[in-house]
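Chemist: pasting a predicted model and its sequence here:
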2 protein chains.
Amino acid sequence: MINSIVENNFIAKLTRNFPRSPFQKNAIQQTDAEIIRTDNNDYLAITTDSIVEEIACGLYDNPYLIGWMTVMVNMSDLAAVGAYPLGIMLSEVIPSSCPAHFLHRLQSGIRDACTACGTYVFGGDTNSGEKLLMTGTAIGSCKKDQFLSRVGCQPGETLYSTNQLGIGNAFALAQLRKQKNYHINFQPLARIKEGQLLNGIATACMDTSDGVFSTLDQLMRLNNVGFELNVEWLSTLHPDAKLLVDAVGLPPWLLLAGQHGEFELIFTIPKNSETEFLYHASKNEWYPIPLGKVIDETAIKLHLYGKTTTIDTGRIRNLPIQMDGNIENYINELLTIDKEIQKGEHQYVAH
Amino acid sequence: MINSIVENNFIAKLTRNFPRSPFQKNAIQQTDAEIIRTDNNDYLAITTDSIVEEIACGLYDNPYLIGWMTVMVNMSDLAAVGAYPLGIMLSEVIPSSCPAHFLHRLQSGIRDACTACGTYVFGGDTNSGEKLLMTGTAIGSCKKDQFLSRVGCQPGETLYSTNQLGIGNAFALAQLRKQKNYHINFQPLARIKEGQLLNGIATACMDTSDGVFSTLDQLMRLNNVGFELNVEWLSTLHPDAKLLVDAVGLPPWLLLAGQHGEFELIFTIPKNSETEFLYHASKNEWYPIPLGKVIDETAIKLHLYGKTTTIDTGRIRNLPIQMDGNIENYINELLTIDKEIQKGEHQYVAH
């Protein structure tokens, strides 16, 4: 089931002949970052993420944002396991034609993102190449044998996100469709403090780096449960994101479906620890957003056009590869699904 | 002085606004891998290296070798600080057109290199892109406050390499000039055990990932000393490498000058620990190769054409960037320097 998602299947194939380290505490796909026990019984969280496709397709063209995101996408993975960031290693492929002011802004974005996360660049590697390409590898420390995992939620628990949703996809919409009249301020902050607070409380946690539906779909497959979003799910959307889809006439649920995420954490809290959790959160001036609940059925359910529909999130996750990155075709496919939903003809195919 | 090398200068500019982590134990350029102390007083070695230019220029076209080198270049940096490898994170940018058998060989090279180093792939990230691009980030553990550094050698000490030299540049010559009649077997093994044995004994250590002259030049600049190679330096060359340059009529010292290294360690041993060091090495069936000695003068001296010449290694290090990667122009420049040396006209310009 997990491998009916094209990306999961590809990763499974790539790694099938790799033996697993005896130092590694997490299984494949179990966590947003790898958890490693050292000889000294120290627990490390390690993650790597590159900014490639985002640059190639024009989603990120601002050097400051590229630098910022190189750090932040990795810090968000550390946040999702509840780790404390130690630092980051960078590998930068820089075209020889790259202007000095561009490089300066790029490095400023890196520096500011590190400062915002209370972390540091340890070192790196620079290479020259045709196209700009950034890779970060972040290292964090975990409490002994205590880290947040994607696996462990149970039906009846409450589904939360760290903050409002949809700003990542709104930004992508504005950027890729050149709807520059609608400026979307996108500069996400990894939810490191929130992840640390969730450690030992949340039963499952994952960041929304690939969008909300991708996250819920992956959690569904890994936990063999489903999620039903609140009837008032529209109110969980970021107001700027909602304004944009309304203005351009797209259905707001596309803000959950698109795969440029908002880098929030999505997590589950058992009923009996909910009051204590919310109390601790509010003491830290953090007000998590309840999204819905964990259900027994392996399905993602959303209230749309006056009825509850089970969304085929697997089909939606595989769309970008099928559409070969063409944004208009991709949106058209989502609009086809929207019509199916309106007509009550949308079929969820378990695969 | 360190920044008169174009690459050093570029790195200094890129990183000048980055604050340094209080957890980091090494200075910039002091070590081949970054040394990090964790909260638990654990010492980690971390390094990142990408295979980009080697693929772009056709130096690496064999997928197995690309996979092997992605791991090995990083393990070699861990070896050069005397660390024990824990594992490696990978970021792979893979063209969608990449055939399955190519990918399989690539992953086999990664797996076999990990096995050869007694280490593991922890995890990674895959992206799709126009050109294949591999990044590894290796994590190792160090003994408390004990790691090999590039800085610390003194005049009078003996200069060694872990093994014979020149095979990296011989491979590059055969590959880039399409001299396929001369097959060079290039599949370096990171000198991890040797690095561990050197820990606490060698006063300076660095891997030859960029070739012997680059390594000696960097050590010269960092230590404010020089190196004089033995009169019999020719005997330190790998026999296959020597055969190739003889066959194609190039001067053998080019095997030290080129910047595709052999991934040996170059290190210095004080006179008073030399006997004990060689005894320990031989007990491990390792026979390090004496290359020469550390001298007071900041110069790299080589015996060539019946006289001792000080080589302008700074000029040679900056050549590839000046020649914009053109291999014939690069070799012609080295042959110009060879003529200068023969005529006794080669000038070492301190910069």
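Modeler: Received, thanks.
Chemist: wait, a helix at A:Gln347?
Modeler: No. Membership of A:Gln347 in a helix is not supported by DSSP: H, G, I helix; E, B strand; the rest coil, which gives coil.
Chemist: the closest residue to it other than its chain neighbours: how many residues sit nearby?
Modeler: Using C-beta to C-beta, 6 or more residues apart in numbering or on different chains and skipping the chain neighbours, the partner closest in space to A:Gln347 is A:Asp312 (6.8 Å). From N, CA and C alone the C-beta is placed, and that goes for glycine too. For A:Asp312, the neighbour count with other C-beta atoms under 10 Å in any protein chain shown is 21.
Chemist: which residues does A:Asp312 contact?
Modeler: Residues near A:Asp312 by C-beta atoms under 8 Å, 6 or more residues apart in numbering or on different chains: A:Ile337, A:His346, A:Gln347, A:Tyr348, A:Val349.
Chemist: export those to TSV and tack on pLDDT and neighbour count?
Modeler: Supplementary listing: the contacts of A:Asp312 in TSV, determined by pLDDT from 0 to 100; neighbours: other C-beta atoms under 10 Å in any protein chain shown:
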residue	pLDDT	neighbour count
A:Ile337	97	22
A:His346	92	18
A:Gln347	86	8
A:Tyr348	81	17
A:Val349	77	8
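Chemist: that older thread, roughly how far does the residue nearest to A:Gln347 sit from A:Ile300?
Modeler: Relative to A:Ile300, A:Asp312 is positioned 9 Å away (C-beta to C-beta, to the nearest Å).
Chemist: just A:Tyr60 next, same as before
Modeler: 28 Å.
Chemist: all strands of the stretch 151-300 of chain A, in order?
Modeler: Using DSSP state E, counting those that start in this stretch, the strands found in the stretch 151-300 of chain A span residues A:158-161, A:204-207, A:226-229, A:265-269, A:289-295, A:300-304.
Chemist: got a list of contacts for the last one?
Modeler: Contact with strand A:300-304 is made by A:213, A:216-217, A:220, A:226-231, A:233, A:251, A:253, A:256, A:295, A:308-311, A:313, A:341, as judged by C-beta under 8 Å, 6+ apart.
Chemist: listing partners with orientation, what would you give for that strand?
Modeler: Partner strands and pairing direction for strand A:300-304 (DSSP bridges) are strand A:226-229 (parallel), strand A:307-311 (antiparallel).
Chemist: tell me which of those sits most buried.
Modeler: strand A:226-229 (a mean of 23; mean count of other C-beta atoms under 10 Å in any protein chain shown).
Chemist: quick check: mean pLDDT across that strand?
Modeler: For strand A:226-229, mean pLDDT is 98.
Chemist: so what touches it?
Modeler: By C-beta under 8 Å, 6+ apart, the residues outside strand A:226-229 that reach it are A:159, A:216, A:219-220, A:291-303, A:308.
Chemist: and A:Gly109, how many neighbours?
Modeler: By other C-beta under 10 Å, neighbour count at A:Gly109 equals 23.
Chemist: give me every residue that touches it.
Modeler: Contacts of A:Gly109 (C-beta under 8 Å, 6+ apart): A:Pro63, A:Tyr64, A:Leu65, A:Ile66, A:Gly67, A:Trp68, A:Met69, A:Thr70, A:Val71.
Chemist: for the fourth one, give me the pLDDT.
Modeler: Spelled out, that is A:Ile66. So A:Ile66 comes in at 98 (pLDDT).
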